[in-house]
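> Okay, predicted coordinates and the sequence, questions at the end:
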Amino acid sequence: MSVFHEKQMNYAYKYGVAGALFGCLFLGAAWFLGLYFVSLMPTFSNIIQMHIDNPVIVIVDTAPIVLGVSFYYLGSAYQSLYVKNKEALDNSARFDALMNSAFDPIIIMDHQGTVLDFNRAAETTFGYERQDVIGEQLSGLIIPFRYRGANDHGFKVLPETGEGPLIGQKVAIEALHHDGHEFSVEISIERHSISADGSDKSAFVAFVHDITARKETAAQIIQASKLATLGEMATSVAHELNQPLSVIRMAAENSRRKMSKGSVSAEYLTDKLQRIEEQTARAAVIIDHMRMFGREAKEGPELIDPRNVIDNALDLIGEQLRLAGIEVVTEFPKDCPSILGHIIQMEQVILNLLTNAKDAMSERGGALTITLRIFSDQRNVYITSEDTGGGIAENALPRVFEPFYTTKETGKGTGLGLSVGYGIIRDMKGTITAENINDGARFTIILPRVS
Ligand SMILES: Nc1ncnc2c1ncn2[C@@H]1O[C@H](COP(=O)(O)OP(=O)(O)O)[C@@H](O)[C@H]1O
Ligand SMILES: [Mg+2]
């Protein structure tokens, strides 16, 4: 009996007792009818006599026991079915509750990427009805066209290896809404065995998190910090513009003076006007650059030459560094592999490194040098910036990439430069690190080479 559940016992007993009662009824009826047909009264002595005349009736006497026991087993069988069914119903109700109360989309697929389940959050996030996607290929629904090949391949290698590019880790990708617009999500896929019979059958559960808002905030921070950098650079740009302006003024002044004396040759004038033209062009380049730098990067990443990045940054801030008595040394290779990213964002990173170096060196004597190097190996491009500003304080070193960490007085530093730079480099699949060298700090940027 111990194999039965307590509740099961209940049903088994109820059935058993009912069976036994029915057996007694059957027995009574059999005796009564037997005596009735031979026209005898149903008394105790007549019943005994009937048994003596027909010993086969003893078989009928076992009816209550036989029926009782049979019904008992029938009851227990019914009970266990009932319990199992109820458990299944409960589980499925719990599963539905879990799926549909989840705040984030959850999608269940088989090993071929066919959708088995799609929760309510997934319906609202992707704009599909559950019944329309069940049985469809996930890749054909929510993955933008350009990623589809990779995704199909990812699922194809699943059954053999149990691994795929998305399995067991969070990946940020673009997803496709039913109405055709793309948005950013973070997706992680877990593999689960779902077979009841022990066969190697897997389901893949995809957890999706819409990160559009987060990405927008990150973009806003980059933009804000860039505007702050622009503010910090304002003086530098003024210096930068001052130089062509004074050359222009000199050329104009000299020409005018010569003309008033009446001794001016056409050759002289042509030379001066050419000067003016060149310097105006230079000023225009700087202003264009400022304008471009202030714009928010909307286009996708592009191939960039790291040498251009540094040259552009020096265009904007070089004059100010010279005025601060800082020598800038650049060591660039003749041929340089490209990197993938936004040139303006990359400039933002370098500009902040240069401003930081200048700030570190501003109150120091001795040789003030910033050395910028670019080199590469088989896999990566390295950009380093070294200064002679005395280095980063030991307690500050682990914190310089934290947002809002600054050792500068209020109004001078935002503490965002390096943390935003860190994010930009990370998005380019690279790293940026800080260390102290002999007499200053060295920042190293490592980025994957693309060509
Ligand atoms: N080249 C450097 N030499 C010394 N300290 C540095 C250097 N670069 C960065 N730091 C330190 O890192 C801090 C954070 O830099 P950053 O994120 O650019 O913010 P901010 O320049 O606004 O202070 C700086 O306040 C400074 O203490
Ligand atoms: Mg800074």
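All right, it came through fine. Ligands and ions are numbered 1, 2, ... in the order given.

> doesn't L368 make contact with G325?
Yes: counting by CB atoms under 8 Å, G325 touches L368, with 5.7 Å between them. Using the backbone N, CA and C atoms, a C-beta is placed for each residue, glycine as well.

> quick one: which of those two has more around it?
L368 (21 against 11; other CB atoms under 10 Å).

> Tell me which residues touch the more buried one, please.
324-327, 361, 387-389 (CB atoms under 8 Å, 6 or more residues apart in numbering).

> And for R120?
99-100, 130.

> Report how many residues lie close to the nearest residue to F375 once chain neighbours are set aside.
Distances taken as CB to CB, 6 or more residues apart in numbering place Y382 nearest to F375, at 5.2 Å, with adjacent residues excluded. Neighbour count of Y382, defined by other CB under 10 Å: 16.

> now Y382: how far from ligand 2?
Applying CB to the ion, to the nearest Å, the value for Y382 to ligand 2 is 21 Å.

> so that residue, which of the three states?
strand (DSSP: H, G, I helix; E, B strand; the rest coil).

> mind listing what's buried in stretch 367-378?
Buried residues in stretch 367-378, counted by 16 or more other CB atoms under 10 Å: 368-374, 376.

> go on, stretch 396-405?
400-401.

> Check whether the longest helix along the chain comes near ligand 2.
Counting by DSSP state H, the longest helix found in the chain is helix 212-261. No: with CB under 5 Å from the ion as the criterion, ligand 2 is not reached by helix 212-261; the gap is at least 7.6 Å.

> The stretch 251-400 of the chain: helices as residue ranges?
Remark: helices assigned in the stretch 251-400 of the chain by DSSP state H, counting those that start in this stretch are 266-294, 306-323, 343-361.

> okay if I get those helices as a markdown table plus mean neighbour count and mean pLDDT?
A markdown table is the format used below for the helices of the stretch 251-400 of the chain (neighbours: other CB atoms under 10 Å; pLDDT from 0 to 100):
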| stretch | mean neighbour count | mean pLDDT |
| --- | --- | --- |
| helix 266-294 | 14 | 86 |
| helix 306-323 | 19 | 90 |
| helix 343-361 | 23 | 93 |
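
> Let me know which of those helices is the nearest to K334.
Among these, the nearest to K334 by CB to CB is helix 306-323 (10.0 Å).

> contacts for the closest one?
Contacts for helix 306-323 (CB under 8 Å, 6+ apart): 233, 235-237, 239-240, 242-243, 285-286, 289-290, 293, 328, 330, 332, 336, 338-339, 343, 346-347, 350-351, 354-355, 358, 370, 372, 374, 381, 383, 447.

> now do stretch 98-118
So stretch 98-118 is contacted by 119-122, 125-126, 128, 130, 133-139, 141-142, 151-152, 155, 158-159, 201-210 (CB under 8 Å, 6+ apart).

> redo that, cut-off 7 Å
For stretch 98-118, the external contacting residues (CB atoms under 7 Å, 6 or more residues apart in numbering) are 119-122, 125-126, 130, 133-139, 155, 158-159, 202-209.

> buried residues in the lengthiest strand in the chain?
Ranked by residue count under DSSP state E, the longest strand found in the chain is strand 182-193. Residues of strand 182-193 classed as buried by neighbour count (16+ other CB under 10 Å): 184-187, 189, 191.

> I'd like the buried residues of stretch 367-378 as JSON lines, with pLDDT and distance to A396 appended.
Compiled in JSON lines, those are given as follows (pLDDT from 0 to 100; distance: CB to CB, whole Å):
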{"residue": "L368", "pLDDT": "94", "distance to A396": "20"}
{"residue": "T369", "pLDDT": "96", "distance to A396": "22"}
{"residue": "I370", "pLDDT": "97", "distance to A396": "19"}
{"residue": "T371", "pLDDT": "97", "distance to A396": "22"}
{"residue": "L372", "pLDDT": "98", "distance to A396": "22"}
{"residue": "R373", "pLDDT": "97", "distance to A396": "24"}
{"residue": "I374", "pLDDT": "97", "distance to A396": "27"}
{"residue": "S376", "pLDDT": "95", "distance to A396": "30"}
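
> Looking at these, which is nearest E174?
For the buried residues of stretch 367-378, the nearest to E174 is S376 (29.6 Å; CB to CB).
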